[in-house]
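Q: From the sequence below, what's the structure:
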Amino acid sequence: MKHVQPVYSLWLMVLTAALLCSCRKTPGQDNTDPPRNDDTKAADIISNHLRFKNATKVTGSIPQGPAGSSLKISFKDTLYLVDKWKLPIEFLHEDTTKDVAGVYIQVQAGSIGGTFYYDVPEVPDIAASDTVSMILVGIDPKGLEDLSGVPPAGGAPPFEVTLVPHDSTGQTLGEITVPVEIAEPTADLRGECGLLTKQGESWFWSMSFIPNTSDPLGEDLFFNAPHKLWGIEGQRIFGCCHGGTTSEYTASCADKDKASLMFRTFFNWPNELYKFFEDGTYAGLTEFISADPYPKESNFCGVAPGVVKEDFDRSFLEGTWTLSSNTVLSTLGTSTPQAGSFAARPDGIIDLVSCRLLIIIQPDREGGGRDLVKFYNRVNPASWYLLN
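A: This is a model prediction of the structure:
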């Protein structure tokens, strides 16, 4: 836990006074709330500004996680959040007996936690992965800013969160407490923390989604991430089995010889990255993996699944980039090889760029308002950090 700064203590005094003025009970209300210290009140206020996907609020102290966990997390030292969007936090569990099904989260203000914590389930679209689980966390900082002009003006007070991943039975798998910072967009898109990448840096894609604007609390219209596997339900393909011994894959088959096999197919986009240079050029890389069915090599008289073969496509992009009105990013260039829809591009409206995060909105080309929001991190996606 980090030391509480004097400025933070002053903020707590003002916050307490505001609470006493704004939270007086009206006649007929229950006035038996137990007394709480200032740190607890601050933690609860901050907790109510966190945003999750389908989380459950639980009264009490967060369950303690075991020491020496083998789990790894996708960020180091500090958790960065932004206004408006929920950002991904990933957990790597190479030991499949430590499969993360959700994460307990509790705010720590000063030296103590709040009166409740959240149980945040993993993103269902990533649940099929054997080794990676993801949750989404966001914050609405508006009610935490600039209390009565007392510093820290223009930003939320310092706080930490404790993250305790757990399995499907609720058994805790690890624990980590980290400080939280709210990322602010940079004013200079070409400056130190702007779009440009330094030596050894790249923008790595972490997540894409189409928000459900008609029902913000409902399921997203589309979701994709490097660890999401598409089509894992497989596909059933029909062929022939003549006399119970001779397999054949053909468009026509007598009813008595018809047979089918389940093919365990899937596809995903594991990687997408870009580098933007000061001379107006850029370089990119996209990858696509698929397990394709091979019915002609499969035995329709057998009981084993059909034959599938993995195909790996990597496309290299290069060309020039421009910023229109300082917010719209456009790229022009070539893809080698020409991979069609497999090769993505970073074009769109820059919603936020900071030292660590880039958010781009790609407007719906069909004009239906189904804009795609893409998130990139200025880190290596292969970087994982032990919880303890």
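Q: In this structure, where is pLDDT below threshold?
A: 1-36, 127-128, 145-156, 216-218, 337-343, 381-382 (pLDDT under 70).
Q: Mark out where each domain of it begins and ends.
A: Structural domains annotated on the chain: 6-22+36-182, 203-234+264-382, as defined by automatic domain parsing.
Q: Can I get the ones you listed in a markdown table including distance to Lys256?
A: (Glycine included, C-beta is placed from N, CA and C.) What follows is those, written out as a markdown table (distance: least, Cβ to Cβ, whole Å):
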| stretch | distance to Lys256 |
| --- | --- |
| domain 6-22+36-182 | 37 |
| domain 203-234+264-382 | 13 |
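Q: Quick check: neighbours of the one helix or strand Ile105 maps to in the sheet, parallel or antiparallel?
A: Assigned by DSSP states H and E, Ile105 belongs to strand 102-109. As defined by DSSP bridges, the strand partners of strand 102-109 come to strand 112-113 (antiparallel), strand 116-121 (antiparallel), strand 159-166 (antiparallel).
Q: out of those, nearest to Ser330?
A: strand 116-121 (36.7 Å; Cβ to Cβ).
Q: Need the residues that contact the next helix or strand after the closest one.
A: Per DSSP H and E, the first helix or strand lying C-terminal to strand 116-121 is strand 132-139. Contacts with strand 132-139, where a contact means Cβ atoms under 8 Å, 6 or more residues apart in numbering, come from 49-53, 79, 81-93, 99-103, 105, 120-123, 126-127, 156, 165, 180, 182, 225, 227.
Q: Which ChimeraX command selects the buried ones in those residues?
A: Selecting the buried subset of those in ChimeraX, with 16 or more other Cβ atoms under 10 Å as the burial test, is done by:
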select :49,50,52,53,79,81,82,85,86,87,88,89,90,91,92,93,99,100,101,102,103,105,120,121,122,123,126,127,156,165,180,225,227
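Q: Just the contacts of strand 132-139: which are in strands?
A: The strands, defined by DSSP state E, take in 50-52, 79, 81, 87-92, 102-103, 105, 120-121, 165, 180, 182 from those.
Q: And for the most far-flung residue of the chain relative to its centre, nearest residue in space, chain neighbours not counted?
A: Farthest-out residue of the chain from its mean C-alpha position, per Cα atoms, centre = their mean: Gly243, at 52.1 Å. Nearest non-adjacent residue to Gly243, counting by Cβ to Cβ, 6 or more residues apart in numbering: Asp257, 8.0 Å away.
Q: Near the one you found, how many other residues are there?
A: Close neighbours of Asp257, defined as other Cβ atoms under 10 Å, add up to 18.
Q: got the contact list for it?
A: Asp257 touches Cys240, Cys241, His242, Gly243, counting by Cβ under 8 Å, 6+ apart.
Q: thought the second one was touching Leu261?
A: In this case it means Cys241. No - counting by Cβ atoms under 8 Å, Cys241 sits too far from Leu261 to count as a contact (9.8 Å).
Q: what residues do those two have in common as contacts?
A: Counting by Cβ under 8 Å, 6+ apart, the shared contacts of Cys241 and Leu261 are Phe300.
Q: Give me the more crowded residue out of those two.
A: Leu261 (25 against 20).
Q: Kindly list the main-chain dihedrals of that one?
A: phi -130, psi 150 (degrees, to the nearest 10).
Q: quick one: whichever strand in the chain runs longest to chain centroid distance?
A: For the chain, the longest strand by residue count, based on DSSP E, is strand 308-324. Centre-to-centre, strand 308-324 and its host chain are 22 Å apart (Cα atoms, centre = their mean, to the nearest Å).
Q: List the strands paired with that strand, with their directions.
A: strand 281-293 (antiparallel), strand 328-336 (antiparallel).
Q: Just say which of those is most tucked in.
A: Of those, the one with the most neighbours on average (mean count of other Cβ atoms under 10 Å) is strand 281-293, at a mean of 18.
Q: Only alpha carbons, please: show it as PDB.
A: Taking C-alpha atoms only, strand 281-293 is exported to PDB below (Å, rounded to 0.1, in the frame of the first residue of the first chain):
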ATOM      1  CA  THR A 281       5.100   6.700 -42.700                       C
ATOM      2  CA  TYR A 282       3.700   3.700 -40.800                       C
ATOM      3  CA  ALA A 283       4.200  -0.100 -40.600                       C
ATOM      4  CA  GLY A 284       1.800  -2.700 -39.500                       C
ATOM      5  CA  LEU A 285       1.200  -6.400 -39.000                       C
ATOM      6  CA  THR A 286      -1.900  -8.500 -38.800                       C
ATOM      7  CA  GLU A 287      -2.300 -12.200 -38.200                       C
ATOM      8  CA  PHE A 288      -5.200 -14.600 -38.800                       C
ATOM      9  CA  ILE A 289      -5.400 -18.300 -37.700                       C
ATOM     10  CA  SER A 290      -8.000 -20.800 -38.800                       C
ATOM     11  CA  ALA A 291      -8.600 -24.600 -38.400                       C
ATOM     12  CA  ASP A 292     -10.100 -25.500 -41.800                       C
ATOM     13  CA  PRO A 293     -12.000 -28.700 -42.500                       C
END
